[in-house]
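In: 3D model of this:
(chains A and B)
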Amino acid sequence: MNYLIDRRLNGRNKSAVNRERFMRRYKEHIRRSVKGMIAERSITDMAKGGDVKVPAKDISEPGFRYGLGGDWESVHPGNKEFVRGDKIPRPEGGGGSGGGSEGGAGESVDDFVFTLSRDEFLNIFFEDLELPNLMRTAIAEAEDKKLVRAGYVKDGTPANLSVGRTMKTALARRIALGGPLRDELEQIREALEAAARASQPQARIAALESQILDLEGRLARLPFLDDVDLRYRHRVAVPRPAARAVMFCLMDVSASMDERKKDLAKRFFTLLYLFLTRKYERVELVFIRHTDEAQEVDEDTFFYDTQSGGTVVYSALELMQQVCEARYPKSEWNIYGAQASDGDAFGADPAKSARFLRERLLRLTRYFAYIECPDENQSGNSSLWVEYEEVGSSDLNFAMRKVLQPQEIYPVFRDLFRKEKV
Amino acid sequence: MNLLPHGPEWEFELLERYDQAISQTAAEFGLDTYPNQIEIINSEQMLDAYASAGLPLGYPHWSYGKAFIRHEQAYRKGYQGLAYEIVINSSPCIAYLMEENSLMMQALVIAHASYGHNSFFKGNYLFKQFTQADAILDYLVFARRYVMECEQRYGMAEVEELLDSSHALMEYGVDRYKRPQPHSAKEREARRNEIQEHERRQFNDLWRTLPQPAPASATAAAAAVFPEEPEENILYFVEKHSPRLAPWQRELVRIVRKLSQYFYPQTQTKVMNEGWATFWHYTLINRLYEKELVDDAFMLEFLHIHTNVVSQRGFDQEGYHGINPYALGFAMMQDIRRICENPTEEDTAWFPELASTDWHKSMDFAMRNFKDESFIAQYLSPRLIRELRLFVVADHVGQAELEVDSIHDEHGYKRVRRMMADQYKRENLLPDIQVARYERDGDRSLTLRSPVFRGRPLAEEQANEVLRHLGRLWGFPVRLEAVDPEGRIDGYREWRP
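Out: Got it, this is the predicted structure:
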């Protein structure tokens, strides 16, 4: 007895569990690749998948094999010219089994490359930041959708039936289908009149009359409402239009901000950005870097262009305020600020900055976060930290944190996230 | 008879009709098969099946994930197409057909897998001896559940480590000559009872009073080499004798060993198996055409695919990847039929037992009683050697150039045939490595021995790596000795925990 079975609807992702095992095993490689991606990518397109490369050597499954060397014979098809005893020079690089596709340690040495999905990427990104699970889903999940009317369709649930539109279609159909019949009817009626006038034979008139009856019957049998007339209101999901937001990234780029600190800063900015993109439909980024004077720059310059000079924090804050006034009025934009610095500031600058922040900027912004990336062996607080601490104690929409490791970034936003959840 | 409908799209009802037609035709030829179970799957499911070596279910392991990712990547980027079908040696014989196949392809694949491969699985001696077609699916279910239970109980890392190590030795988990226990547990039980009953009846207390020979001295027993004979099934030896493994670990080793054993016949009969299946899809479909069940358009499409499958590129052509098992197998099967039906003088001289016999009986015999190596050694005819223009290239140590050893001429036929057969010999691909000694009463170390075969060395790094894995399973020092043809120890490597 033979059976024929349709398995197409059975589970597809049987290998998902094995894939996950694989990912777990090569976590280190993946993490390294993700780190590279974070460094390479711009903040705005951070949230997507990417390729991970694992060296062939790390991934091979060993087994006893022959190495190069020893005596081999191999059989090949398609001989055209060789006779017994002919000599063939060894192919390039073939130390051992030259012509043989058999034998020898013929493992390919290509690196193993595979693609991380967006979710997998974000997961690892968040893992480094030690984001609580609930928060992860809140950030990573697809944005809010709203159903919007989008015309009419032919299929739908009865609840969505549009009576008016259905009646219109039915009317149109009845006119269209009835048209030729009515024309014919008219002609026959005329013929009948003519026949009656010309007093043609009874039989002819009777025939015409029966035709008229027939046509009238057909007209009457045109259905008033047919399945094809039904129209339903159509709704499509569109992203919920929320208010716009602008995010200011402020960073000290003086010589003391090294690669490590910049990497921390980038993760810090990215996390805030990801959060904002979930909440607002449109998020604009403004990058302001400063040494002893502040400049608005593009992202590449922001992270990778080095500049030397002193440090005047105040200049950056002032520029932020100017940009806000010029382009992002408070009434139309939700303004967020994120500042990263190693805290080196001199003279009157810290105090002046803190005052400016409290009195001007915090009135403009919904939230302002500051991270300080001190040197690993630094002890005590920087002058900027001391001044900012006072701001932090009095203002609710200000958060600050010292960060040495990526996982210390999230707590900066804890208040922000908590507030948004409520 | 009526023409079967033909078109690009298939439907289940049509497949059934084709299957019936093919089944009838196969019965005319007397093909003996397991019942068939034909399943339609989509490409994603095919990728899943690839990853688990074609089995419908396997235990979870990262290496399957790796295989899956590799195939998926290659498929998505268009480097690799997917097979039209996968067939599983089980009873009922399960064949997976891709939904993308056209109606003609489905018919071809049904003939190929469900009648060709199926009858091979049922008839070939290796499959008969080494696999139990009706038990494999149940065993897979058991293996999967057992591995997952172990993961829960002992931790994923532990299980993974053990499976990694067992996989490294998987190829050495095969009994090549020992037969699997033919008695079921019930039969063994019955036999034991019988023996006991016999002893009870024959009991005579007088025997006890006979003087016993003195037991051999304990030291002599200890000094004896264990195992007495070298053991080629390393995984089996580990499972039975490893001083370190816990019972559940032994069971895992056993699972890997069983799977390896299950695949062993397939690795040894690639050419025959594919050749047989290709021969039958060719013969069956042609028979359908003779019976006027399919039309010319169907046949043209069929021949197009068929010729692609059995094409053999020459060594100097682009895309040459060695001998195509489909091409060689099909050519040999066709050749056997030709020799039976219209032998030339040469054929009669070379194959007196084959020429002018009933082709069906002779082919059936060939299918049942050979594996690739012996099949080629037995049946590769001079005519086919000429047709394929086979030649042997020798690559010997100490010679600056490769040498053409023999070609398709009077001198060369036998040598070409021998070399071709050797190419499918297991020793030619896998070094011969066996368990030589287990110091049960000493330091518990395990010694493997590998005779150096024609001066071919082991791949260094890999061998050390495998030894490390073996050491993990064994828990005490493991050694690998290379032995030269005179029996002297030539090389030596060791792993200590």
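In: Which residue is it, in the stretch 301-422 of chain A, that comes closest to chain B?
Out: A:Gln407 (23.4 Å; C-beta to the nearest C-beta). C-beta coordinates here come from the backbone N, C-alpha and C atoms, glycine included.
In: Tell me the spacing between B:Ala135 and B:Phe142.
Out: As judged by C-beta to C-beta, to the nearest Å, B:Ala135 and B:Phe142 stand 10 Å apart.
In: Sorry, wrong one. I was asking about B:Pro227.
Out: Distance check for B:Pro227 against B:Phe142: by C-beta to C-beta, it reads 29 Å.
In: Equivalent analysis for A:Glu390, please.
Out: Distance of A:Glu390 to B:Phe142, given as C-beta to C-beta: 69 Å.
In: and if you look at B:Thr344?
Out: 54 Å.
In: just A:Lys80 next, same as before
Out: Counting by C-beta to C-beta, the gap from A:Lys80 to B:Phe142 is 55 Å.
In: same check, this time on A:Arg84
Out: 56 Å.
In: again with A:Val323
Out: Separation of A:Val323 from B:Phe142 (C-beta to C-beta) stands at 68 Å.
In: Same drill for the two, tell me which one is more crowded.
Out: Between A:Val323 and B:Phe142, A:Val323 has the larger neighbour count (other C-beta atoms under 10 Å in any protein chain shown), namely 17 against 14.
In: Helix, strand, or coil at the residue of the stretch 301-422 of chain A closest to chain B?
Out: Under DSSP: H, G, I helix; E, B strand; the rest coil, the three-state class of A:Gln407 is helix.
In: from what I can see it touches A:Asp128, true?
Out: Yes - here A:Gln407 lies in contact with A:Asp128, judged by C-beta atoms under 8 Å, at a distance of 6.7 Å.
In: Of those two, give the one with the bigger neighbour count.
Out: Using other C-beta under 10 Å, the more surrounded residue of A:Gln407 and A:Asp128 is A:Asp128, with 17 against 13.
In: and whatever helix or strand the more buried one lives in, does that touch chain B?
Out: Using DSSP states H and E, A:Asp128 sits in helix A:118-129. No - Helix A:118-129 does not reach chain B (C-beta under 8 Å from any C-beta of the partner chain); its nearest approach is 12.0 Å.
In: What are the contacting residues of that helix?
Out: Outside helix A:118-129, the residues that touch it by C-beta atoms under 8 Å, 6 or more residues apart in numbering or on different chains are A:23, A:30-31, A:34, A:37-38, A:46-50, A:116, A:135-136, A:139-140, A:267, A:270-271, A:274, A:406-407, A:409-410.
In: What is the burial count for B:Glu149?
Out: Number of residues near B:Glu149 (other C-beta under 10 Å) recorded here: 12.
In: Now do the host helix or strand of it, average pLDDT.
Out: For B:Glu149, the element it lies in under DSSP H and E is helix B:136-154. Taken as a whole, helix B:136-154 carries a mean pLDDT of 91.
In: helices or strands next to it in the packing?
Out: On a contact count with 3 or more C-beta pairs under 8 Å, 6 or more residues apart in numbering or on different chains; DSSP states H and E, helix B:136-154 meets helix B:156-168, helix B:247-268.
In: Now the phi/psi pair for the residue of the stretch 1-150 of chain B found nearest chain A, please.
Out: With C-beta to the nearest C-beta, the shortest gap between the stretch 1-150 of chain B and chain A falls at B:Gly65, namely 3.2 Å. With angles defined as degrees, to the nearest 10, B:Gly65 sits at phi -60, psi -40.
In: Surely it touches A:Tyr26?
Out: No - the pair B:Gly65 and A:Tyr26 does not pass the contact test of C-beta under 8 Å, sitting 9.6 Å apart.
In: Mind checking which of these two has more residues around it?
Out: More crowded of B:Gly65 and A:Tyr26, by other C-beta under 10 Å: B:Gly65, with 24 against 21.
In: ok, now which ones touch the more buried one?
Out: Counting by C-beta under 8 Å, 6+ apart, B:Gly65 has contacts A:15, A:17-23, B:51.
In: Narrow those to those that are buried.
Out: Of the members of the contacts of B:Gly65, the ones counted as buried by neighbours, 16 or more other C-beta atoms under 10 Å in any protein chain shown, are A:15, A:18-19, A:21-23, B:51.
In: Can you report how many residues lie near residue 294?
Out: With no chain named, the answer covers chain A. Other residues close to A:Ala294 by other C-beta under 10 Å number 21.
In: ah, I was thinking of chain B
Out: 23.
In: Could you do B:Ala463 as well?
Out: B:Ala463, neighbours per other C-beta under 10 Å, totals 23.
In: helix or strand for it, which one?
Out: Element membership for B:Ala463 (DSSP H and E) is helix B:460-474.
In: who touches stretch B:26-39?
Out: Residues from elsewhere that reach stretch B:26-39 (C-beta under 8 Å, 6+ apart): A:1-7, B:15, B:19, B:23, B:90-97, B:110-111, B:114-115, B:118-119, B:121-123, B:133, B:280, B:283-284, B:287, B:360, B:364.
In: Toward the C-terminus, what is the element adjacent to the helix or strand of chain A at the bottom of the mean pLDDT ranking?
Out: Here the helix or strand of chain A ranked lowest by mean pLDDT, DSSP states H and E is helix A:133-140, holding a mean of 57. Next helix or strand after helix A:133-140 toward the C-terminus (DSSP H and E): strand A:145-153.
In: Flag every buried residue along that next one.
Out: Result for strand A:145-153 [16+ other C-beta under 10 Å]: buried residues A:Tyr152.
In: Check stretch A:339-347 too.
Out: Within stretch A:339-347, the residues that count as buried by 16+ other C-beta under 10 Å are A:339-345.
In: just stretch A:249-258 next, same as before
Out: For stretch A:249-258, by 16+ other C-beta under 10 Å, it's A:249-254, A:256-257.
In: could I get it in CSV with only the CA atoms?
Out: Extracted C-alpha coordinates of stretch A:249-258, given in CSV (Å, rounded to 0.1, in the frame of the first residue of the first chain):
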residue,chain,number,x,y,z
CYS,A,249,24.4,63.9,21.0
LEU,A,250,27.0,65.9,22.8
MET,A,251,30.5,64.6,23.1
ASP,A,252,33.8,65.9,24.3
VAL,A,253,36.4,65.0,21.6
SER,A,254,39.4,66.3,23.2
ALA,A,255,42.5,64.1,23.0
SER,A,256,41.7,62.4,26.3
MET,A,257,38.6,60.7,24.8
ASP,A,258,40.2,57.5,23.5
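In: who touches it?
Out: Contacts of stretch A:249-258 (C-beta under 8 Å, 6+ apart): A:43, A:262, A:265, A:269, A:285-291, A:302, A:305-311, A:313, A:316-317, A:320, A:337-342, A:344, A:373, A:375.
In: among those, which are in strands?
Out: Among the contacts of stretch A:249-258, the members falling in strands (DSSP state E) are A:285-290, A:337-341.
In: Tell me which residues of stretch B:50-64 come out buried.
Out: B:50-52, B:54-56, B:58-64.
In: Show the average pLDDT along it.
Out: For stretch B:50-64, the per-residue pLDDT averages 81.
In: Closest approach to chain A from chain B, which residue is it?
Out: B:Gly314 (2.2 Å).
In: Remind me which helix or strand that residue belongs to.
Out: B:Gly314 belongs to no helix or strand, assigned by DSSP H and E.
In: give me the number of residues near it?
Out: Residues lying near B:Gly314 (other C-beta under 10 Å) number 14.
In: shouldn't it be in contact with A:Gly78?
Out: Yes - using C-beta under 8 Å, B:Gly314 is in contact with A:Gly78, at 2.2 Å.
In: Pick out the residue in chain A sitting closest to chain B.
Out: Closest point on chain A to chain B, by C-beta to the nearest C-beta, is A:Gly78, at 2.2 Å.
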